[in-house]
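A.B. asks: structure, please.
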Amino acid sequence: MAFNCVIVTPEQQVLDQQVQQVIFPAYDGKIGILTDRAPLLAKIGVGALRLDLPGGAGQKVFFVDGGIAQMKDNKLTVLTQEATPVEDLNAEDARAALAEATARKVVDEKSFQERQHQLDRARAIQELASQR
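C.D. replies: Reported below is the predicted structural model:
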């Protein structure tokens, strides 16, 4: 059995497709979604959003950064700041972003949080880009 998954960014609707399973990075760990899941509202973290297509048709993987996911009535809606197909990620750009984030100075709590987010983001992109 399949359910509908919609991924939307501020710029565009990235995906509207039937899927068998979705695994996404919640703010505090990964969450897996299957058909007939109880209603859910979750804060999205940084990392890989994996879609398993019905009938063994393969997978689609996106890099996501923040947002929310809502599962209701067999429809998963993902609203995120970024949803980049893993094929479009560049490991060299991620390495440069990681070096830049590592070099940032921390002067207060806000700069610490920003630096940590940039480090998490660069590491996730680098890992996904190296897997393809």
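
A.B. asks: count the residues that sit near residue 75.
C.D. replies: Neighbours of residue 75 under the rule other CB atoms under 10 Å: 11. C-beta coordinates here come from the backbone N, C-alpha and C atoms, glycine included.

A.B. asks: start the count at 40, not 1, going forward
C.D. replies: Right, with 40 as the first residue, what we last looked at is residue 114.

A.B. asks: okay, helices next: where are they in the protein?
C.D. replies: Applying DSSP state H to the chain gives helices spanning 130-142, 148-170.

A.B. asks: quick one: which of these is nearest residue 45?
C.D. replies: helix 148-170 (21.5 Å; CB to CB).

A.B. asks: what comes up buried for the closest one?
C.D. replies: 154, 157-165, 167-168 (16 or more other CB atoms under 10 Å).

A.B. asks: can you check stretch 48-58 too?
C.D. replies: 48, 53-54, 58.

A.B. asks: quick one, domains of this protein?
C.D. replies: Using automatic domain parsing, the domain ranges for the chain come out as 42-125, 128-170.

A.B. asks: out of those, deepest packed?
C.D. replies: Greatest average neighbour count among the domains of the chain goes to domain 42-125 (a mean of 16), per mean count of other CB atoms under 10 Å.

A.B. asks: let me know whether residue 66 touches residue 85 as I believe.
C.D. replies: No. The pair residue 66 / residue 85 is not scored as a contact, 9.2 Å apart, by CB atoms under 8 Å.

A.B. asks: would you map the strands across the chain?
C.D. replies: Using DSSP state E, the strands of the chain run over residues 42-47, 52-58, 60-65, 68-73, 79-82, 85-91, 98-104, 107-111, 114-118, 122-124.

A.B. asks: what mean pLDDT does the last one get?
C.D. replies: Averaged over strand 122-124, pLDDT sits at 94.

A.B. asks: same check, this time on the third one
C.D. replies: Taken as a whole, strand 60-65 carries a mean pLDDT of 96.

A.B. asks: which helices and strands sit right next to it?
C.D. replies: Applying 3 or more CB pairs under 8 Å, 6 or more residues apart in numbering; DSSP states H and E, we find strand 60-65 packed against strand 68-73, strand 79-82, strand 85-91.
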